[in-house]
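Undergrad: what follows is a predicted protein model with its sequence.
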Amino acid sequence: MNDQTATIIPPVRVKAPRDPRLDVFRGLCLVMIFINHVPGNAFENYTSRNFGFSDAAEGFVLMSGIAAGLAYSLDFKAPMRLWSGFGRVWKRVWTLYMVHILTTMAAIAAASAVAVFLGNAEVLFLNQMKYLFIDPLRTFVGLTILTHQFGYVNILPLYLVLLAVAPLLLMAAWRKPLWLMAGSVMLWAVAGQWHLGMPNYPTPGNWFFNPLTWQLIFVTGLLTGVAMKDGRRFVPVRLWLQVLTGGFVLFAAVATQVQPVSEAMGHALWMLQDALGFPWFLTAFEKSYVTAPRLLHILALAYFLSSFPAVRRACGSVFGKPFELLGRQALPVFALGSVLCIGFQGVKHALGDSVALDAGLLAVGLAAQFALAAARQYWPKSPS
């Protein structure tokens, strides 16, 4: 073959290596969420929520925003890819909806199995499940349109709603990131001050995971993911910020563990609200509205951990591999864990509390989640 007829082989694009921190910390969050969602077990006292003002749920939503920014942001940078980007995002939204409905039905089955085989129906009347029997027709309508959600399986509707509007957020993230951040903070403050949220049906009140306030964590993650995709940090590493965020994280750990410090902080926050007139969402510890102490803690923790190269090296080590595996398969692992925690809650009601039972249930549940993640990751794919 001469030079004139030789086939020209286009250059191969080398895919950038995957940052292990996202998957490892997402996997850690999944483990802690599962432990916390088997209430009353002896091991929940050692999860992150006992050493700070936020818990694994805030971390999970933040990392979901980062993952969305990394996965979909390029589609919204150039106008010619917008429609394909909308299609990709909304296809994922539909997947999340189907997984949520399946998880909800499986949670009912898990609670029912405890009632049938262990003779204890108490779990059927917990976690907002009792409305299936009090008002079944309206409750099934609410379950379908996401206005009625069972406890412990109610984070996917939040993510679903936030991801549905992510195309608009991503367009703004490329063009006016600071305006997007300012608008997100304003919406958080307005929704918090006036208790705005998405309504429940048929029960009164708003969603527990309020999208109007939790969107600030998601948007922060989204902007972080867009910046990472662009080869930069959304908030640059600065020594003074490391000291400030590290100091706040340390203070939060002390305040949650040392009673006098906790009481002094509570009194100071009370004085700010009652004596100085600070808005309630700046001083309260309310998860539904992600009030300021919880919000500042998760943002400080995320900045502090992400600012040290040693953390990335640790996440890339052999010790991070199991959690990275869970994080890569976050959706099916979370769904399985949510169903198991409902069933295990019923088992604890039926058999009573004991450290041995807690250890056994958590070991079985975590083993099942690791097995599912491994099967999803390594099972041979059928030829297309």
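TA: Noted; the coordinates are in hand.
Undergrad: show me where the stretch 1-150 of the chain has helices.
TA: For the stretch 1-150 of the chain, the helices defined by DSSP state H, counting those that start in this stretch cover 20-36, 56-72, 82-118, 131-134, 136-144.
Undergrad: would JSON lines of those with mean pLDDT be doable?
TA: Output for the helices of the stretch 1-150 of the chain, formatted as JSON lines (pLDDT from 0 to 100):
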{"stretch": "helix 20-36", "mean pLDDT": "95"}
{"stretch": "helix 56-72", "mean pLDDT": "95"}
{"stretch": "helix 82-118", "mean pLDDT": "95"}
{"stretch": "helix 131-134", "mean pLDDT": "94"}
{"stretch": "helix 136-144", "mean pLDDT": "97"}
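Undergrad: quick one: average pLDDT of stretch 363-382?
TA: Averaged across stretch 363-382, the pLDDT comes to 92.
Undergrad: what does it contact?
TA: The contact list for stretch 363-382 (CB atoms under 8 Å, 6 or more residues apart in numbering) reads 30-31, 34, 38, 322, 325-326, 328-329, 332-333, 336-337, 340-341, 344. All C-beta atoms are positioned from the backbone trio N, CA, C, and that covers glycine.
Undergrad: so which of the helices of the stretch 1-150 of the chain gets nearest residue 273?
TA: Comparison of these against residue 273 by CB to CB identifies helix 56-72 as nearest, at 22.0 Å.
Undergrad: mind giving me the ChimeraX select for the contacts of stretch 363-382, buried ones only?
TA: Remark: buried members of the contacts of stretch 363-382, expressed as a ChimeraX selection using 16 or more other CB atoms under 10 Å:
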select :30,31,34,38,322,325,326,328,329,333,336,337,340,341,344
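Undergrad: which of the contacts of stretch 363-382 fall within helices?
TA: 30-31, 34, 322, 325-326, 328, 332-333, 336-337, 340-341, 344 (DSSP state H).
Undergrad: for those residues, name the two members farthest from one another.
TA: Within those, 328 and 344 form the most distant pair, 24.4 Å apart (CB to CB).
Undergrad: just give me the closest of the contacts of stretch 363-382 to residue 134.
TA: Closest approach between the contacts of stretch 363-382 and residue 134, by CB to CB: residue 341, at 22.9 Å.
Undergrad: which ones are touching the closest one?
TA: 34, 37, 38, 152, 365.
Undergrad: the fourth one contacts residue 127, doesn't it?
TA: Yes - the pair residue 152 / residue 127 is scored as a contact, 6.0 Å apart, by CB atoms under 8 Å.
Undergrad: okay, the two: which has more neighbours?
TA: residue 152 (24 against 20; other CB atoms under 10 Å).
Undergrad: what's the neighbour count on the nearest residue to that one once chain neighbours are set aside?
TA: Leaving aside its sequence neighbours, residue 152 sits nearest to residue 37 (CB to CB, 6 or more residues apart in numbering; 4.7 Å). Applying other CB under 10 Å, we find 22 residues neighbouring residue 37.
Undergrad: let me know the pLDDT of residue 37.
TA: Looking at residue 37, its pLDDT reads 93.
Undergrad: got the contact list for it?
TA: 152, 337, 338, 341, 345.
Undergrad: so what's the residue positioned nearest the centre of the chain closest to, chain neighbours aside?
TA: By CA atoms, centre = their mean, the chain has its centre lying nearest to residue 60, at 2.6 Å. Nearest residue to residue 60, sequence neighbours excluded (CB to CB, 6+ apart): residue 29, at 4.4 Å.
Undergrad: that'll do, ta.
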